[in-house]
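Enquirer: I'd like to go over a predicted model; first the sequence, then the structure.
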Amino acid sequence: MTAEHSPLSLSTVLVTGGSGGLASKILELFSQRGCKRLHSIDIRQPSHLLHGVTYHLGDLTDVDAMRQIFHEVKPDVVIHTASPRFDTPNHIMYKVNVEGTKNLVQIAQESGAHSFVYTSSASVISDGKTDLENADESYPVILGDQQPEYYTHTKALAETYVLLQNHRSEGTSPQFLTCAIRPSGIFGVGDLVLLPGMLDAYFRGQTKVQIGNNKNLFDFTENTNVAYSHYLAAAALVTCQNSLPGDDAKVDGEAFFITNDEPIYFWDFTRLVWGYAGDTTRPEQVQVMSRTWALLLAALLEWIFWAFRLGEAPLTRTKVRLSCMTRA
């Protein structure tokens, strides 16, 4: 799809969380694909401003500020990537991921937007303990008491709301099309979560320890591929404004998993990252800790760090589960 023939070339696109690594990739790709009217909202300015992008400062939980920006920009398409980190306090996660998303959807509709793409998470179908092999979009979303990770719970709530707001035009009712992208294990240039976490372990000298037997495949996704999935989703929704496809080719109201389609053993990927950083640990030097013992140790560390207000523990039960689960 060339820039000249892109359905987005005439659209005004607004991306939330524009200072983040993924959103920056999305803005860059949309610009390369011929989108001339690009806007970004974030609570902070990015360290590097992209040419052709108009940046707006704002807190997406501030309804009045969001309404002012939306009515000024009048976006046709909204790409909602903004989200706090998974270790943010629960009340903030709920306020941003759930209440903030609801506000954005409502304000987007008020301002005349017709397409809304939400960045969800592949974890919304995971209960944190069951391996996922060849999982697809037919799997149910896991919420509430069945979902051990509060961050994922809030992402699932937001995704569910966004998809429920999808509606094709009926009579005089304006059309508002939505979809959700579920990326798995995002990494790449500008990544502020996955690679920094792995490199932190490297710089702490922890490369000789492995949790679990490394028989668990994991889907990691390079952030350029994730950005491209957002572009394709937005382009499909815009195209649908003129000609709605049948159910077999339906994009609106749907959620889509995005991966590199190259699952890799979790610790193989981790050691690949460490190797590029300069690690020379040999296989025979690696000490393997069982998942059970690692969970006990993580629980103890979490309690100690909570009791003495030391911040986040270096090892958490969430990290242990993720490093031992099959998610492919």
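Expert: Structure received.

Enquirer: From here on, just use CA atoms for contacts and neighbour counts.
Expert: OK.

Enquirer: ok, and what's touching the host helix or strand of A227?
Expert: In this assignment (DSSP states H and E), A227 forms part of helix 223-240. Identification of contacts with helix 223-240 by C-alpha atoms under 8 Å, 6 or more residues apart in numbering yields 6-8, 22-23, 25-26, 29-30, 77, 79, 114-117, 177-179, 181, 183, 186-189, 191, 251-252, 258-260.

Enquirer: Could you pick out the buried ones from those residues?
Expert: In the contacts of helix 223-240, burial by neighbour count holds for 6-8, 22-23, 25-26, 29-30, 77, 79, 114-117, 177-179, 181, 183, 186-188, 251-252, 258-260, counting by 16 or more other C-alpha atoms under 10 Å.

Enquirer: Can you tell me which of the contacts of helix 223-240 end up in helices?
Expert: When the contacts of helix 223-240 are checked against helices (DSSP state H), the matches are 22-23, 25-26, 29-30.

Enquirer: possible to save these as a markdown table with distance to G144 and pLDDT?
Expert: Formatted as a markdown table, those follow (distance: C-alpha to C-alpha, whole Å; pLDDT from 0 to 100):
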| residue | distance to G144 | pLDDT |
| --- | --- | --- |
| L22 | 27 | 96 |
| A23 | 28 | 96 |
| K25 | 32 | 97 |
| I26 | 31 | 98 |
| L29 | 36 | 97 |
| F30 | 36 | 97 |
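
Enquirer: okay, among the residues you listed, which ones form the most distant pair?
Expert: Largest separation among the ones in helices among the contacts of helix 223-240 by C-alpha to C-alpha: L22 and F30, giving 12.3 Å.

Enquirer: quick one: low-confidence parts of this structure?
Expert: Within the chain, the segments meeting pLDDT under 70 span 1-5, 171-173.

Enquirer: Report the spatially nearest residue to N103, omitting neighbours in sequence.
Expert: In space, and not counting its chain neighbours, N103 is closest to V63: 6.7 Å by C-alpha to C-alpha, 6 or more residues apart in numbering.

Enquirer: backbone phi and psi for that neighbour, please?
Expert: phi -60, psi -40 (degrees, to the nearest 10).

Enquirer: Helices of the stretch 201-328 of the chain, start to end?
Expert: Assigned by DSSP state H, counting those that start in this stretch, the stretch 201-328 of the chain shows helices spanning 223-240, 266-277, 291-307, 317-324.

Enquirer: Which other helices and strands does the shortest one contact?
Expert: Put plainly, it is helix 317-324. Helix 317-324 is packed against strand 209-211, helix 266-277, helix 291-307, with contacts defined by 3 or more C-alpha pairs under 8 Å, 6 or more residues apart in numbering; DSSP states H and E.

Enquirer: what comes up buried for that helix?
Expert: Buried residues in helix 317-324 (16+ other C-alpha under 10 Å): 317, 320-321, 323-324.

Enquirer: And the second one, by the same measure?
Expert: Judged by neighbour count using 16+ other C-alpha under 10 Å, the buried positions of helix 266-277 are 266-267, 269-271, 273-274.

Enquirer: Contacts only, for N242.
Expert: Contact analysis of N242 by C-alpha under 8 Å, 6+ apart lists nothing.

Enquirer: Kindly apply the preceding question to H80 instead.
Expert: Here H80 is in contact with 15-17, 101, 116-119 (criterion: C-alpha under 8 Å, 6+ apart).

Enquirer: coming back round to it: out of the buried ones among the contacts of helix 223-240, which are inside strands?
Expert: Those of those mapping onto strands are 77, 79, 115-117, 177-179, 181, 183, 186-187, 258, per DSSP state E.

Enquirer: Widest-spaced pair of these?
Expert: By the measure C-alpha to C-alpha, L177 and F187 form the most distant pair in these, at 28.5 Å.

Enquirer: D127 and P140 touch, don't they?
Expert: No: using C-alpha atoms under 8 Å, D127 is not in contact with P140, being 10.6 Å away.
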